[in-house]
Every structure is written in C-alpha cells, then in structure tokens.
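Student: sequence first, predicted coordinates after that:
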Amino acid sequence: MRIALYAPDIPQNTGTILRLCACLGIEAHIIEPAGFPITDRAFRRAGMDYLDQVTIVRHISFAAFDTWRRSAGHRLVLFTTRGATSYLAHDFRGGDILLFGRESAGAPDELHAAADARLAIPMRPGVRSLNVAVAVAMVAGEALRQTDGFAQW
C-alpha cells in the first residue's frame, strides 16, 4: 500500500500524512511541484519527528511518477470529489497507490485519465470537501483493513 500526494501545497497537511504513513507502515510518494520545500530539514523544522520512520519517495513530475508506477505494475486509485464510486464499495489490493490531489485545486484531468479507479468519500450535500489529511486517514484505514495491512503488527 502506498499513499501519493500530487503537488501538495499545505506543509502541515503533508506532515500529518507523513506521520500517519510512519505510524501505519505505508510508503509515501510526493509528486512535485510542491508549494513548499520538500527537504528533510523543512520537515524536521515543521515538527516531523517521525521522519526517519517513513519511506518518502519523491517524483519530479506526474509523468515521471506515472512511468514508475506503470513499470512497477501498481494500480492507481484516485480520490476525488468527482468520483462516482464510494471508497467503501471498492476492493483494495495490497499494491495499490492511493492518490490524493492538491489541497487548493484537487486533481487535474491528467490524473483522472491515468487512474484505474476514481473514488469519493461520501459526504452530505452542500459541503465541498474534507481536509486531505483526514481523507487520507479514513481511506488508509479502510484499505489496510481490507488487505490485512494491520496484521503486520
């Protein structure tokens, strides 16, 4: 299981997600450009004291990320408010990459086109979206539950 963040622009959200990945043993992928410096020093200054407990893979662009994931044979699961299927109705696999779009702009069309599945988190009508870190935590919990990812401890 992997979490991928497309062009994240809020460092606090990224730090929270990286801490979640560290605690749950999930590899984190950051697809640039990011709206802040993506360095160990910047993460440590932001209070990311679990940095040495998480595997972070950086990709210089979505094209580079997509080339890597296709060559590795990983399924790409995009989370978007435009998704027609609930994440609760999806069958996750251990090798899935769970992709989340930019906080300020969501996922551009090229991510939608590349995704093997486009899922949404069901919400009440009239609300825009969840905080990305909250969304990642909800989805990661369900994906790990389905794939016995919690059994590793």
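Tutor: It's in.
Student: state the number of residues packed around H112.
Tutor: Counted with other CB atoms under 10 Å, the neighbours of H112 add up to 15. C-betas here are computed from N, CA, C, even on glycine.
Student: distance of it from F62?
Tutor: Counting by CB to CB, to the nearest Å, the gap from H112 to F62 is 12 Å.
Student: name the helices or strands packed onto the helix or strand where R145 lies?
Tutor: Applying DSSP states H and E as the criterion places R145 in helix 132-146. Under the contact definition 3 or more CB pairs under 8 Å, 6 or more residues apart in numbering; DSSP states H and E, helix 132-146 sits against strand 2-6, helix 11-24, strand 97-100.
Student: cutoff 6 Å now
Tutor: Where contact means 3 or more CB pairs under 6 Å, 6 or more residues apart in numbering; DSSP states H and E, helix 132-146 is packed against helix 11-24, strand 97-100.
Student: from the chain's centroid, how far away is it?
Tutor: Relative to its chain's centre, helix 132-146 lies at 9 Å (CA atoms, centre = their mean, to the nearest Å).
Student: hey, least reliable of the helices and strands packed on helix 132-146 by pLDDT?
Tutor: Lowest mean pLDDT within the helices and strands packed on helix 132-146: helix 11-24, at a mean of 91.
Student: in it, what counts as buried?
Tutor: Using 16 or more other CB atoms under 10 Å as the test for burial, helix 11-24 gives P11, N13, T14, G15, T16, I17, L18, R19, L20, C21, A22, L24.
Student: which one of the residues you listed is nearest to D40?
Tutor: L18 (11.1 Å; CB to CB).
Student: skipping its backbone neighbours, what lies nearest A114 in space?
Tutor: Once flanking residues are discounted, A114 sits nearest to D66: 5.4 Å by CB to CB, 6 or more residues apart in numbering.
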